[in-house]
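**Student:** For reference, the sequence and a predicted model appear below.
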Amino acid sequence: MAVVSSAHSAIFSKTSLFHHINGFKRFSSCLPFSSSAAASLSSKKKWRQPVASSVLELGGIKIAKDDVVRDDPTNNVPDTIFSKLGMQLHRRNDHPIGILKNGIYEYFDTNYPTKFDKFDDLCPIVSVKQNFDDVLVPADHVSRSYNDTYYVDSQTVLRCHTSAHQAELLRRGHTHFLVTGDVYRRDSIDSTHYPVFHQMEGVRVFTPDIWEGSGLDPTSYAAEDLKKSLEGLARHLFGAVEMRWIDAYFPFTNPSYELEIYFKEKWMEVLGCGVMEQEILKSNGRLDSVAWAFGLGLERLAMVLFDIPDIRLFWTTDERFTSQFSEGQMGVKFKPFSKYPPCYKDMSFWINESFTENNLCEVIRGIAGDLVEEVSLIDNFTNKKGMTSHCYRIAYRSMERSLTDEEINNLQWNVREQVQKKLNVVLR
Ligand code: DAH
């Protein structure tokens, strides 16, 4: 199926430019909900909207809702995203995401006993510096835009990749590590895209004594080791599959590659990787070393390994889903419970200059939540006056039950109202 070939992979492989200018005040990341943090927050009360109190525990740190969701122009985190912050699917040993994480751990533990340090509870609220600057994402890179990333304030984001932790862990002296975590991206809506998903990052550092005597230059040594290790990982997960390496671009690696496997009659991207840019090592206390790094999306792989047809299923608490998986059972095939009928609703409007599909999808998700399965542009034209009209088809479908006409009509009514109001478009 086409499900897994897109899904959250492209953003850093693009060099495209996008300018977003915003200069508001700094807000420290991942605030512990301690008295000092509370005190520093209170000075910002002026521009914070009162919100229902709600506090999450995350890796021993408490995060209050108004640390993350605020009525401020530099903040674009909706309530629906805050509610995902504490879920930590990757830390549940009987959830497909946790089972896959453990399966990957098993590969590294078997092949490099006691070598890799594992982190799965690092706070997803990070600074712009950690998320972008530290891994050399250019100042005008599209991923930095408010359209693509959730900003808590102008200097703080919900990490959009686990690479955000590379620099800090190198600085702390780690030379072999795996970081698993939830990552956040504003995106369109379909069966493979969800604004929260999970990644695993891997890094291995080599000191000169390791490559000296190999006859290879350090970069080639690291690249060879990288390819060998990741081919082994792909075989561990998928069995004896055909693989190919594709040259790629990432700001943080050079050379950069993507690994693809031939699975179910098509080539599928498994991960992005490369030899870490020397500048990252140099800035983080590793002047004499080389390193490789990789990043993989857990949902993308879990969807294929467990036959999970829709990315929303990972979030369901329906027992008919959760009871099908258990600890250590890699690749058990999901048996769909009855599929409920979709209902399609179209809406057309004249767009304005600031219209983006990600903003539209956010409004729709804010109202329909996981009842929206797909939003697709089905018509697009510009009239003689230069006005552009878009028609979107919204597919509503519950994973768990049949929806009534009344319920869908109410949702659609609300969507029309809010889209008009929040996006300033003119309904047709
Ligand atoms: N951070 C990349 C992404 O989210 C994935 C990635 C690619 C991570 C290459 C790496 C790497 O460490 O070397 O798209």
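**Tutor:** Yep, that arrived.

**Student:** Give me the below-cutoff pLDDT ranges for this protein.
**Tutor:** Within the chain, the segments meeting pLDDT under 70 span 1-9, 15-53, 58-60.

**Student:** Identify the residue nearest the geometric centre of it.
**Tutor:** By C-alpha atoms, centre = their mean, the mean C-alpha position of the chain lies nearest to Val183, the distance being 3.7 Å.

**Student:** In a helix, that residue, correct?
**Tutor:** No. The assignment for Val183 (DSSP: H, G, I helix; E, B strand; the rest coil) gives strand, which keeps it out of a helix.

**Student:** That one and Ala164, how far apart?
**Tutor:** Distance, Val183 to Ala164, using C-beta to C-beta, to the nearest Å: 8 Å. Using the backbone N, CA and C atoms, a C-beta is placed for each residue, glycine as well.

**Student:** what do you get for Asp209?
**Tutor:** Taking C-beta to C-beta as the measure, Asp209 falls 30 Å from Ala164.

**Student:** Who has more neighbours out of these two?
**Tutor:** When Asp209 is set against Ala164 and neighbours are counted by other C-beta atoms under 10 Å, the residue ahead is Ala164, at 28 against 8.

**Student:** what's in contact with the host helix or strand of Gly272?
**Tutor:** Secondary-structure assignment from DSSP states H and E places Gly272 in strand 266-276. If you take C-beta atoms under 8 Å, 6 or more residues apart in numbering as the criterion, strand 266-276 is touched by 4-5, 9, 12-13, 166, 203, 219, 222-223, 226, 230, 234, 244, 246, 248, 250, 252-262, 290-297, 300-301, 304.

**Student:** switch the cut-off to 7 Å
**Tutor:** Outside strand 266-276, the residues within contact range by C-beta atoms under 7 Å, 6 or more residues apart in numbering are 4-5, 9, 13, 219, 222-223, 226, 230, 234, 248, 250, 252-261, 290-296, 301, 304.

**Student:** from these, which are also near the ligand?
**Tutor:** 9, 250, 252-253, 293-295 (C-beta under 6 Å from any ligand atom).

**Student:** with those in mind, which one is nearest to the ligand?
**Tutor:** Each of those was scored against the ligand by C-beta to the nearest ligand atom, and Gly295 proved nearest at 2.5 Å.

**Student:** okay, now the domains of the chain?
**Tutor:** Here the domain assignment for the chain is 55-323, 343-427, based on the TED database.

**Student:** So which residues on the stretch 251-400 of the chain come close to the ligand?
**Tutor:** Taking C-beta under 6 Å from any ligand atom as the test, the list of the stretch 251-400 of the chain residues beside the ligand reads 252-253, 272-274, 293-295.

**Student:** Let me have those in CSV, extended by neighbour count and distance to Pro138.
**Tutor:** Formatted as CSV, these follow (neighbours: other C-beta atoms under 10 Å; distance: C-beta to C-beta, whole Å):
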residue, neighbour count, distance to Pro138
Phe252, 23, 11
Thr253, 27, 14
Gly272, 26, 17
Cys273, 27, 20
Gly274, 25, 16
Ala293, 26, 18
Phe294, 24, 21
Gly295, 24, 18
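
**Student:** which neighbours does the helix or strand that contains Lys62 have in its sheet, and in what orientation?
**Tutor:** Assessed by DSSP H and E, Lys62 sits inside strand 61-64. Here strand 61-64 is paired, per DSSP bridges, with strand 55-58 (antiparallel).

**Student:** Show me the contact partners of the partner strand.
**Tutor:** 33, 62-64, 85-86, 123.

**Student:** Tell me the buried residues within the residues you listed.
**Tutor:** Members of the contacts of strand 55-58 that pass the buried threshold by neighbour count (16 or more other C-beta atoms under 10 Å) are listed as 63-64, 85-86, 123.

**Student:** ok, which pair from these is furthest apart?
**Tutor:** Based on C-beta to C-beta, the longest span within the buried ones among the contacts of strand 55-58 runs between Ala64 and Cys123 and measures 13.4 Å.

**Student:** Overlap in contacts, these two.
**Tutor:** By the contact definition C-beta under 7 Å, 6+ apart, Ala64 and Cys123 are jointly contacted by no residue.

**Student:** Could I get the full set of helices for the stretch 1-150 of the chain?
**Tutor:** 35-42, 65-68, 79-82, 96-111, 128-131 (DSSP state H, counting those that start in this stretch).

**Student:** Just confirm Trp245 contacts Ile261, I think it does.
**Tutor:** No. Contact between Trp245 and Ile261 fails when scored by C-beta atoms under 7 Å: they sit 10.9 Å apart.

**Student:** Neighbour count for those two, which is higher?
**Tutor:** Residue environment comparison for Trp245 versus Ile261 gives the larger neighbour count to Ile261, 23 against 16, counting by other C-beta under 10 Å.

**Student:** Identify the residues contacting that one.
**Tutor:** Contact analysis of Ile261 by C-beta under 7 Å, 6+ apart lists 234, 238, 241-243, 268, 270.

**Student:** In helices, which of these fall?
**Tutor:** In helices, defined here by DSSP state H, the members of these are 234, 238.

**Student:** count of neighbours near the residue of the stretch 101-250 of the chain found nearest the ligand?
**Tutor:** In the stretch 101-250 of the chain, the residue found nearest to the ligand is His161; the distance is 3.4 Å by C-beta to the nearest ligand atom. By the criterion of other C-beta under 10 Å, His161 has 26 neighbours.
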